[in-house]
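Chemist: below is the structure, and that's it, no one-letter string:
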(Lines give C-alpha, C1' and ligand atoms only; values in the text may rest on other atoms or scores of the structure.)
Protein backbone atom coordinates (compact mmCIF):
# COMPACT_ATOMS: atom_id res chain seq x y z
CA UNK A 1 0.00 0.00 0.00
CA UNK A 2 1.46 3.35 -1.01
CA UNK A 3 1.54 6.17 1.48
CA UNK A 4 -0.07 9.44 0.40
CA UNK A 5 1.91 12.41 1.78
CA UNK A 6 0.13 15.21 3.58
CA UNK A 7 -0.31 18.50 1.74
CA UNK A 8 -0.04 21.93 3.32
CA UNK A 9 -2.53 23.26 0.76
CA UNK A 10 -6.13 22.09 0.69
CA UNK A 11 -7.42 20.29 -2.41
CA UNK A 12 -10.08 22.99 -2.72
CA UNK A 13 -7.43 25.68 -3.10
CA UNK A 14 -5.60 23.63 -5.74
CA UNK A 15 -8.84 23.06 -7.62
CA UNK A 16 -9.59 26.80 -7.46
CA UNK A 17 -6.21 27.46 -9.11
CA UNK A 18 -7.01 24.81 -11.73
CA UNK A 19 -10.41 26.36 -12.43
CA UNK A 20 -9.10 29.93 -12.70
CA UNK A 21 -6.15 28.85 -14.82
CA UNK A 22 -8.40 27.00 -17.25
CA UNK A 23 -10.80 29.90 -17.42
CA UNK A 24 -8.10 32.44 -18.23
CA UNK A 25 -6.55 30.06 -20.77
CA UNK A 26 -9.87 29.47 -22.54
CA UNK A 27 -10.72 33.17 -22.62
CA UNK A 28 -7.34 33.91 -24.13
CA UNK A 29 -8.62 32.11 -27.23
CA UNK A 30 -6.15 33.42 -29.75
CA UNK A 31 -3.53 33.66 -27.04
CA UNK A 32 -2.91 36.81 -25.10
CA UNK A 33 0.61 38.13 -25.33
CA UNK A 34 2.07 39.00 -21.98
CA UNK A 35 3.56 42.47 -22.23
CA UNK A 36 4.85 42.89 -18.69
CA UNK A 37 4.49 39.89 -16.43
CA UNK A 38 5.08 40.63 -12.78
CA UNK A 39 3.17 39.89 -9.60
CA UNK A 40 2.42 43.55 -8.99
CA UNK A 41 1.60 44.61 -12.54
CA UNK A 42 -0.76 42.46 -14.57
CA UNK A 43 -0.57 44.05 -18.02
CA UNK A 44 -1.65 41.83 -20.88
CA UNK A 45 -2.05 42.35 -24.59
CA UNK A 46 -4.69 40.92 -26.91
CA UNK A 47 -6.51 39.10 -24.11
CA UNK A 48 -9.98 40.17 -23.13
CA UNK A 49 -10.86 41.87 -19.88
CA UNK A 50 -11.99 38.52 -18.45
CA UNK A 51 -8.55 37.04 -19.02
CA UNK A 52 -6.86 39.93 -17.25
CA UNK A 53 -9.35 39.77 -14.39
CA UNK A 54 -8.96 35.99 -13.98
CA UNK A 55 -5.17 36.15 -14.12
CA UNK A 56 -5.05 39.07 -11.68
CA UNK A 57 -7.42 37.22 -9.33
CA UNK A 58 -5.33 34.06 -9.64
CA UNK A 59 -2.10 35.97 -8.98
CA UNK A 60 -3.65 37.61 -5.92
CA UNK A 61 -4.92 34.26 -4.67
CA UNK A 62 -1.50 32.62 -5.04
CA UNK A 63 0.27 35.57 -3.38
CA UNK A 64 -2.17 35.33 -0.45
CA UNK A 65 -1.27 31.68 0.20
CA UNK A 66 1.19 31.06 2.98
CA UNK A 67 4.72 29.97 2.07
CA UNK A 68 4.04 26.25 2.69
CA UNK A 69 0.97 26.36 0.45
CA UNK A 70 2.94 28.11 -2.31
CA UNK A 71 5.71 25.53 -2.02
CA UNK A 72 3.18 22.70 -2.29
CA UNK A 73 1.60 24.31 -5.35
CA UNK A 74 4.98 24.48 -7.12
CA UNK A 75 5.85 20.92 -6.09
CA UNK A 76 2.44 19.73 -7.33
CA UNK A 77 3.10 21.44 -10.66
CA UNK A 78 6.41 19.63 -10.98
CA UNK A 79 4.85 16.33 -9.92
CA UNK A 80 2.10 16.73 -12.51
CA UNK A 81 4.52 17.50 -15.33
CA UNK A 82 6.41 14.29 -14.57
CA UNK A 83 9.47 15.52 -12.68
CA UNK A 84 8.93 12.67 -10.24
CA UNK A 85 6.23 10.52 -8.74
CA UNK A 86 4.57 10.37 -5.35
CA UNK A 87 7.54 8.50 -3.89
CA UNK A 88 9.66 11.57 -4.80
CA UNK A 89 7.31 14.04 -3.08
CA UNK A 90 9.72 14.96 -0.27
CA UNK A 91 12.51 15.76 -2.75
CA UNK A 92 10.19 17.71 -5.07
CA UNK A 93 8.91 19.70 -2.12
CA UNK A 94 12.43 20.34 -0.83
CA UNK A 95 13.47 21.62 -4.28
CA UNK A 96 10.39 23.85 -4.41
CA UNK A 97 11.20 25.20 -0.94
CA UNK A 98 14.76 25.97 -2.00
CA UNK A 99 13.55 27.74 -5.16
CA UNK A 100 10.76 29.68 -3.40
CA UNK A 101 10.79 33.45 -3.87
CA UNK A 102 8.40 36.37 -4.21
CA UNK A 103 7.60 35.56 -7.87
CA UNK A 104 5.75 32.28 -7.29
CA UNK A 105 2.50 33.64 -8.75
CA UNK A 106 4.24 34.85 -11.92
CA UNK A 107 6.08 31.56 -12.28
CA UNK A 108 2.95 29.46 -11.92
CA UNK A 109 0.70 31.61 -14.10
CA UNK A 110 3.41 31.64 -16.77
CA UNK A 111 3.65 27.84 -16.74
CA UNK A 112 2.01 26.39 -19.86
CA UNK A 113 -0.48 23.64 -19.03
CA UNK A 114 -0.53 24.61 -15.32
CA UNK A 115 -4.10 23.35 -14.85
CA UNK A 116 -3.30 20.02 -16.49
CA UNK A 117 -0.18 19.54 -14.36
CA UNK A 118 -2.03 20.34 -11.14
CA UNK A 119 -4.94 18.11 -12.05
CA UNK A 120 -2.58 15.22 -12.83
CA UNK A 121 -0.77 15.71 -9.52
CA UNK A 122 -4.03 15.76 -7.58
CA UNK A 123 -5.10 12.46 -9.16
CA UNK A 124 -1.87 11.00 -7.76
CA UNK A 125 -3.09 12.19 -4.35
CA UNK A 126 -6.43 10.47 -4.98
CA UNK A 127 -8.35 13.72 -5.59
CA UNK A 128 -10.52 14.40 -8.63
CA UNK A 129 -11.40 17.76 -10.15
CA UNK A 130 -14.74 16.29 -11.27
CA UNK A 131 -15.62 15.46 -7.65
CA UNK A 132 -14.75 19.03 -6.69
CA UNK A 133 -16.97 20.43 -9.48
CA UNK A 134 -19.89 18.27 -8.32
CA UNK A 135 -19.71 19.92 -4.89
CA UNK A 136 -20.20 23.40 -6.38
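Modeler: The structure has been received and is ready for your questions. Quick caveat, the model's predicted, so the values are computed rather than measured.
Chemist: so which bits of whichever helix in the chain runs longest are buried?
Modeler: Assignment by DSSP state H gives helix 11-28 as the longest helix of the chain. Residues of helix 11-28 classed as buried: 11, 13-15, 17-25, 27-28 (neighbour count, 16 or more other CB atoms under 10 Å). (C-beta placed from N, C-alpha, C; glycine too.)
Chemist: any idea of the mean pLDDT in that helix?
Modeler: Helix 11-28 carries an average pLDDT of 86.
Chemist: who does it touch, helix- and strand-wise?
Modeler: For helix 11-28, the elements it packs on are helix 49-64, helix 67-80, helix 114-124, helix 129-135, judged by 3 or more CB pairs under 8 Å, 6 or more residues apart in numbering; DSSP states H and E.
Chemist: so which of the ones you listed is the most surrounded?
Modeler: helix 67-80 (a mean of 22; mean count of other CB atoms under 10 Å).
Chemist: in this structure, where is pLDDT below threshold?
Modeler: Counting by pLDDT under 70, the chain shows low-confidence ranges at 1, 26-51, 135-136.
Chemist: go again with 80.
Modeler: Low-confidence segments of the chain (pLDDT under 80): 1-2, 24-53, 131-136.
Chemist: between the longest helix of the chain and helix 67-80, how big is the angle?
Modeler: 60 degrees (axes from the mean of the first three to the mean of the last three CA atoms, to 10 degrees).
Chemist: show me the contact partners of helix 11-28.
Modeler: With CB atoms under 8 Å, 6 or more residues apart in numbering as the test, helix 11-28 has contacts from 7, 47-48, 50-51, 54-55, 57-58, 61-62, 65, 69, 73, 76, 108-109, 114-115, 118-119, 122, 125, 127, 129, 132.
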